[in-house]
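# All I have is the shape, not the residue letters:
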């Protein structure tokens, strides 16, 4: 397997995650106490979401640490896929939490009760400040890493949830519209389902080793077949090992019975094309010459 030396990796550190965990633990405790005292379901739902944030951030931190471990004889890829598993689990928890919130919101919508709006407003403002700061901490890392993106989305949706809680608190304070607490909870839940489902689908595709959505196998074949000395590229597999590493393995039927040194030159040309055109940075190609086997692009091995 060849690795393109030009690959540039964004250096993701775990320090911002640790700080976010501490901040979200504090806001969760405050919101639970405040929700019980005020009687606000939206505040308790925000606290529940915050608690799921804490768990997801801890899991993301563990996965991040594992992904940095070096490969070994018993773990030839190391733990590079740990962050994909974390993203998958975090997405799943977002969806589960959303349905729990919907259930409780519907029950309370049928039986609205007076709520201490002042406490709701102040704790919502605290939630916006804490989660907004955490979002800024992880924003850059989220653009380069699916695991960090899952943690970022947890925090961003919780910041939006706090905005919704604040809106509801203001309406309750000035207009005594107490049913808005349940409505805001439902809106928070719907938003969680939307962002959670998108992340769930992306992480599932990577874990299942599906061909990335931006990659067309036929385009790869078309480009590689333009290289002199290439007969036919077949038995092709393209997948993400993690966010940074895009792999391709295939069989190459050479146009002539060339020496291994000549194949090395041919392989280098193929690697350059695959990296420049498709950003594929790990290439593993099995050379062949007039071998009798299926020559389809995709073959069930």
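Looks like it came in fine. The shown structure was predicted, so the numbers you read here are calculated from the model rather than taken from an experiment.
# other SSEs contacting the strand or helix carrying residue 108?
Using DSSP states H and E, residue 108 sits in helix 82-110. If you count contacts as 3 or more C-beta pairs under 8 Å, 6 or more residues apart in numbering; DSSP states H and E, helix 82-110 packs onto helix 41-67, helix 146-175, helix 180-207. The way it works is simple: take the backbone N, C-alpha and C, and place the C-beta from them, glycine included.
# rank the ones you listed by pLDDT, which is bottom?
Ranked by mean pLDDT, the helices and strands packed on helix 82-110 end with helix 41-67 in last place, scoring a mean of 76.
# For stretch 241-254, buried residues please.
By neighbour count on 16 or more other C-beta atoms under 10 Å, the buried set for stretch 241-254 is 241-248, 250-254.
# quick one: which two of those residues are the most distant?
The two members of the buried residues of stretch 241-254 with the most space between them (C-beta to C-beta) are 243 and 254, at 33.4 Å.
# Okay, domains of this protein per the record?
2-207, 217-288 (automatic domain parsing).
# Tell me which of those domains sits most buried.
Of the domains of the chain, the one with the most neighbours on average (mean count of other C-beta atoms under 10 Å) is domain 2-207, at a mean of 19.
# rewinding a little: could you save the helices and strands packed on helix 82-110 as a markdown table and add columns showing distance to residue 140?
Shown next, in a markdown table, are the helices and strands packed on helix 82-110 (distance: least, C-beta to C-beta, whole Å):
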| stretch | distance to residue 140 |
| --- | --- |
| helix 41-67 | 14 |
| helix 146-175 | 9 |
| helix 180-207 | 18 |
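# Looking at the ones you listed, spot the one closest to residue 106.
Among these, helix 180-207 comes nearest to residue 106, with 7.5 Å by C-beta to C-beta.
# which residues sit against the helix or strand just after that closest one?
Per DSSP H and E, the first helix or strand lying C-terminal to helix 180-207 is helix 217-224. With contact meaning C-beta atoms under 8 Å, 6 or more residues apart in numbering, helix 217-224 is reached by 211, 230, 233, 236, 238, 248, 270, 273-274, 277-278, 297-298.
# same thing but at 10 Å, please
Residues from elsewhere that reach helix 217-224 (C-beta atoms under 10 Å, 6 or more residues apart in numbering): 211, 216, 230, 232-234, 236-238, 248, 250, 252, 269-270, 273-274, 276-278, 280, 285, 297-298.
# what does stretch 101-109 give?
The contact list for stretch 101-109 (C-beta under 10 Å, 6+ apart) reads 39-42, 44-46, 48-49, 161, 178-190, 192-193.
# In this structure residue 135 contacts residue 127, no?
No: if you go by C-beta atoms under 10 Å, residue 135 and residue 127 don't touch, sitting 11.8 Å apart.
# Give me the common contacts of the two.
Common neighbours of residue 135 and residue 127 (C-beta under 10 Å, 6+ apart) are 158, 159.
# okay, residue 290: pLDDT?
You'll see residue 290 listed with a pLDDT of 90.
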